[in-house]
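# structural data only, the sequence is not supplied:
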């Protein structure tokens, strides 16, 4: 499997993980006050409780940290999809390299902040200045990512790597984050639209890479 196809597969799996984590984390954070849309996925929440009951005590983690510590995988997946998209459209698209670096830099910083916030301890974040700083750092970095994704999506519209409608998903991921944060706490809720957009992009990277592999083998 080519590197581009691997990045596409990672983006797809990351989008699925984010879809699963969003209602779980929202339920943990808000409890019975979570939005009805979150509470509607009761079977998923029940499964999350059983998983925590099995592994949480062994790891010494409550639900907040057990599932919060998984979110760094979402950032890695989005980064993988972004790198794969950049590899296919970096030539001949004006401004692509600049906004790729902005979004990639923001995602990398958000990843660092997320790891510090969730892996830097297992107690109340408000009692840990370092973890609190990581949370703030992540939130600001996500803001940069969401603004940058609008411009990067507009640039992707000028290319031919993914269909126009898929590129539009990148454009609207930033504005779409505003209503989504009401389903989950900041900043993870805000990442959902972008992770879904990159999952769609990942599908086309996966299929495009498969075609490229087939064409390469057919020439041999």
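Thanks, I have it. A quick note: this is a predicted structure, and the numbers were derived from the prediction, not measured. Residues are numbered from 1 along each chain as shown.
# low pLDDT regions in this protein?
The chain contains residues with pLDDT under 70 at 1, 90-92, 183-184, 209-220.
# what about the helices in it?
If DSSP state H is used as the criterion, the helices of the chain fall at 3-30, 36-39, 42-59, 63-68, 72-89, 96-119, 129-157, 164-180, 188-219.
# need those helices in JSON lines (columns: mean neighbour count).
(Each C-beta comes from the backbone N, C-alpha and C, glycine too.) Putting these into JSON lines (neighbours: other Cβ atoms under 10 Å) gives the following:
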{"stretch": "helix 3-30", "mean neighbour count": "21"}
{"stretch": "helix 36-39", "mean neighbour count": "14"}
{"stretch": "helix 42-59", "mean neighbour count": "13"}
{"stretch": "helix 63-68", "mean neighbour count": "20"}
{"stretch": "helix 72-89", "mean neighbour count": "22"}
{"stretch": "helix 96-119", "mean neighbour count": "19"}
{"stretch": "helix 129-157", "mean neighbour count": "19"}
{"stretch": "helix 164-180", "mean neighbour count": "18"}
{"stretch": "helix 188-219", "mean neighbour count": "20"}
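# so residue 204 sits against residue 165, correct?
No. Taking contacts as Cβ atoms under 8 Å, residue 204 lies outside contact range of residue 165: 10.8 Å.
# endpoints of stretch 182-192, how far apart?
12 Å (Cα to Cα, to the nearest Å).
# contacts for it, please.
18-19, 21-23, 25-26, 29-30, 35, 37-38, 68, 71, 74-75, 78, 110, 138-139, 142, 145-146, 177, 180-181 (Cβ atoms under 8 Å, 6 or more residues apart in numbering).
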